[in-house]
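Engineer: dropping the sequence and predicted coords here.
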Amino acid sequence: MSQAIDAAKKAKGTSNDLDMDAGDMKRWFATFKGYRARRTRGPATPAGHARQMDMAVKSGLRLLHAARANLYRRQGRITADAGHGR
């Protein structure tokens, strides 16, 4: 996923996410949806509310510690405690 957004930024001639406009992000999201469709074998949304919530929480926790999130916190001088909502 981050490779796709990095490629979109390179194509636009920027290295900053904030230089991407809505059209750029829509194109990137379409690329991401295609990637996700190729990577998954089951339905895009699992049946059952409890399973969906469990998957959403796990996804949020993975994103919290992702390289991009860490970079944003470091660039914004956001402490680890503040970055985690504590």
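Structural biologist: Sure, I can see it.

Engineer: what's the burial count for Trp28?
Structural biologist: 19 (other CB atoms under 10 Å). All C-beta atoms are positioned from the backbone trio N, CA, C, and that covers glycine.

Engineer: ok, it to Leu64 distance?
Structural biologist: 21 Å (CB to CB, to the nearest Å).

Engineer: next, Arg77: phi, psi?
Structural biologist: Torsion angles at Arg77 (phi, psi; degrees, to the nearest 10) stand at phi 50, psi 40.

Engineer: an error on my part: the question was meant for Ala56.
Structural biologist: Torsion angles, degrees, to the nearest 10, at Ala56: phi -70, psi -40.

Engineer: make 377 the first number, not 1, from now on.
Structural biologist: Got it, first residue is 377 now, which makes that one Ala432.

Engineer: so how far is Ser391 from it?
Structural biologist: Counting by CB to CB, the gap from Ala432 to Ser391 is 30 Å.

Engineer: try Leu437
Structural biologist: Taking CB to CB, one finds Leu437 at 27 Å from Ser391.

Engineer: cool, and Arg450?
Structural biologist: 15 Å.

Engineer: so, low pLDDT: which residues of this structure?
Structural biologist: 377, 411-422, 456, 459-462 (pLDDT under 70).

Engineer: again, only this time at 80
Structural biologist: For the chain, the stretches with pLDDT under 80 are 377-381, 407-423, 441, 456-462.

Engineer: domains of it?
Structural biologist: Domain ranges of the chain: 377-420, 424-462, per automatic domain parsing.

Engineer: residues of the host helix or strand of Ala383 that come out buried?
Structural biologist: Using DSSP states H and E, Ala383 sits in helix 378-388. Neighbour counts over helix 378-388 (16 or more other CB atoms under 10 Å) mark 380-381, 384-385 as buried.

Engineer: just name the closest of the residues you listed to Gly410, please.
Structural biologist: Gly410 lies nearest to Ala380 out of those, by CB to CB, at 9.3 Å.
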